[in-house]
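[1] just coords:
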Ligand code: ADP
Ligand code: ADP
């Protein structure tokens, strides 16, 4: 599903590489945690998968896409296959819960009758039935992240990237959000989650990819957070 061959990446503004000599494969349907200190390269890895940056050297594959060779006009297709959620939710504040999700379908030209059917289904799926007409500023943090997840999965992407999705949430709410991600994963979506939350990593026992200074220093199946 995801494959990186000898990937290195150096930002122009920076003297040392953000990622170095990365070789990595994640299979379809896996759930993998990305751990490591701030600045170790986790977000850069996500940006390469989305073609928001390109590697200085090496090859990046996501599903059927050879990402580093992908033509510009195909990039929107790639991004439709890769859903994203972030620590700060990034909801459209002027739109209701339902409209935040509907917007993701409108921009790819889905028919209104499809949107009317699918939006309530996906809100139900993430545990937000009854909140469709709320505005983002009326929601708890956990609810905002559920909206973000609904929006990210409504097109049934192959991959879901979650960049510290529980970073702004209390422990109990964090567990609920990970439960939602786990359900999305069990439905077949590959999930990559960057996190600093050792309790979540240790409770889940999924693949652990540990980064340090741009190097992949650990790739454990059913791993734990570690001693760090
Ligand atoms: P993480 O997500 O693990 O915190 P990042 O991928 O954001 O790590 O950062 C990896 C390295 O790249 C760090 O040294 C960071 O300072 C650097 N970096 C990240 N984004 C940029 C940028 N836009 N320009 C220059 N350097 C950057
Ligand atoms: P599970 O196996 O977790 O029960 P299902 O795939 O059976 O999940 O989906 C349960 C319900 O949620 C169905 O009504 C389905 O249409 C809806 N649903 C699940 N995922 C999505 C999605 N990404 N977009 C829209 N609706 C979804």
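    Everything's here; your move. What you see is a predicted model; the values in this text were computed from it and never measured. Ligands and ions are numbered 1, 2, ... in the order given.
[2] quick one, strands of this protein?
    2-9, 19-26, 31-35, 57-62, 65-66, 82-86, 159-163, 190-194, 207-212, 215-220 (DSSP state E).
[3] Switch these over to TSV; also include distance to residue 103 and mean neighbour count.
    C-betas here are computed from N, CA, C, even on glycine. Compiled in TSV, the strands of the chain are given as follows (distance: least, C-beta to C-beta, whole Å; neighbours: other C-beta atoms under 10 Å):
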stretch	distance to residue 103	mean neighbour count
strand 2-9	27	19
strand 19-26	29	18
strand 31-35	27	23
strand 57-62	23	18
strand 65-66	24	16
strand 82-86	14	22
strand 159-163	18	23
strand 190-194	23	24
strand 207-212	32	20
strand 215-220	35	16
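[4] got JSON lines for those strands, with distance to ligand 2 too?
    Shown next, in JSON lines, are the strands of the chain (distance: least, C-beta to the nearest ligand atom, whole Å):
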{"stretch": "strand 2-9", "distance to ligand 2": "20"}
{"stretch": "strand 19-26", "distance to ligand 2": "20"}
{"stretch": "strand 31-35", "distance to ligand 2": "14"}
{"stretch": "strand 57-62", "distance to ligand 2": "18"}
{"stretch": "strand 65-66", "distance to ligand 2": "20"}
{"stretch": "strand 82-86", "distance to ligand 2": "9"}
{"stretch": "strand 159-163", "distance to ligand 2": "10"}
{"stretch": "strand 190-194", "distance to ligand 2": "13"}
{"stretch": "strand 207-212", "distance to ligand 2": "21"}
{"stretch": "strand 215-220", "distance to ligand 2": "27"}
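[5] Of these, which is nearest residue 151?
    Closest approach to residue 151 among the strands of the chain is made by strand 82-86 (7.9 Å; C-beta to C-beta).
[6] what's next to that closest one, contact-wise?
    By C-beta atoms under 8 Å, 6 or more residues apart in numbering, the surrounding residues in contact with strand 82-86 are 46, 49-50, 62, 145, 148-149, 151-153, 155, 157-165, 189.
[7] Kindly recompute the last result at 6 Å.
    For strand 82-86, contacts defined as C-beta atoms under 6 Å, 6 or more residues apart in numbering pick out 50, 148-149, 152-153, 157, 159-163, 165.
[8] Could you do stretch 137-156 as well?
    With C-beta under 6 Å, 6+ apart as the criterion, stretch 137-156 contacts 80, 83-85, 89, 91, 97, 100-101, 104, 122-123, 126-128, 160, 165, 168-169, 173, 176-177, 180, 184.
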